[in-house]
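In: Below are the sequence and a predicted model for it; my questions follow.
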Amino acid sequence: MEAEYYTFGPYKIHEKEVFYTSQLSYALVNLRPLLPGHILFFQDISHQLMEDGPQAGQTVPHMHVHILPRKGGDFEKNDEIYDAIDMKEKELKNKLDLDKDRKDRSLEEMAQEADELRKLFL
Ligand code: AMW
């Protein structure tokens, strides 16, 4: 059977990366998570209600919400996570060297995480 793909801006998202769907929403694991469990969520109503587009710091032109599970001490200064999301390609890249370990994950690795998360919605 042919795999189903979802659209995320210019990207094709393999169904194995998607762990939750409803009539108006879907959620997928991240190709380059900033923290373990960093996932992306899409909901049909969100673009009417929320900040969208490059002005909101988007790099992928498709309305989405980041969900990042936080742990004490994951960032030296708690709110640096927001800078990491907004400016990861710029100043913080040198300061925190966040992208050093940020490599594209394989479909297998993402599918494994999505399988685990999917169980939460059974
Ligand atoms: W933005 O800067 O648009 O708010 O965030 C885009 C997010 O999408 C980043 O966290 C990035 O790692 C993630 N991402 C980009 N391409 C893919 C993909 N093909 N599959 C899953 N996540 C992706």
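Out: Perfect, thanks for sending it. Worth saying up front: this structure is predicted, and the values here are computed from it rather than measured.
In: got the CA coordinates for the longest helix along the chain in PDB?
Out: Counting residues, the longest helix found in the chain (DSSP state H) is helix 107-118. The C-alpha trace of helix 107-118 is given here as PDB (Å, rounded to 0.1, in the frame of the first residue of the first chain):
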ATOM      1  CA  LEU A 107      12.400   8.500   9.100                       C
ATOM      2  CA  GLU A 108      12.900   5.300  11.200                       C
ATOM      3  CA  GLU A 109      13.900   7.300  14.300                       C
ATOM      4  CA  MET A 110      10.900   9.700  13.900                       C
ATOM      5  CA  ALA A 111       8.500   6.800  13.200                       C
ATOM      6  CA  GLN A 112       9.600   5.100  16.400                       C
ATOM      7  CA  GLU A 113       8.900   8.200  18.500                       C
ATOM      8  CA  ALA A 114       5.600   8.700  16.700                       C
ATOM      9  CA  ASP A 115       4.600   5.100  17.400                       C
ATOM     10  CA  GLU A 116       5.200   5.700  21.100                       C
ATOM     11  CA  LEU A 117       3.200   9.000  21.100                       C
ATOM     12  CA  ARG A 118       0.400   7.400  19.100                       C
END
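In: mind listing what's buried in that helix?
Out: Across helix 107-118, burial judged by 16 or more other Cβ atoms under 10 Å covers 110-111, 113-114, 117. For glycine as for every other residue, the C-beta is placed from the backbone atoms N, C-alpha and C.
In: Now flag whichever of these is closest to the ligand.
Out: M110 (7.1 Å; Cβ to the nearest ligand atom).
In: ok, back up a step: for the longest helix of the chain, what is the average pLDDT?
Out: Taken as a whole, helix 107-118 has a mean pLDDT of 97.
In: Quick one: residues in contact with it.
Out: Residues outside helix 107-118 that contact it (Cβ atoms under 8 Å, 6 or more residues apart in numbering) are 14, 16-20, 27-31, 39.
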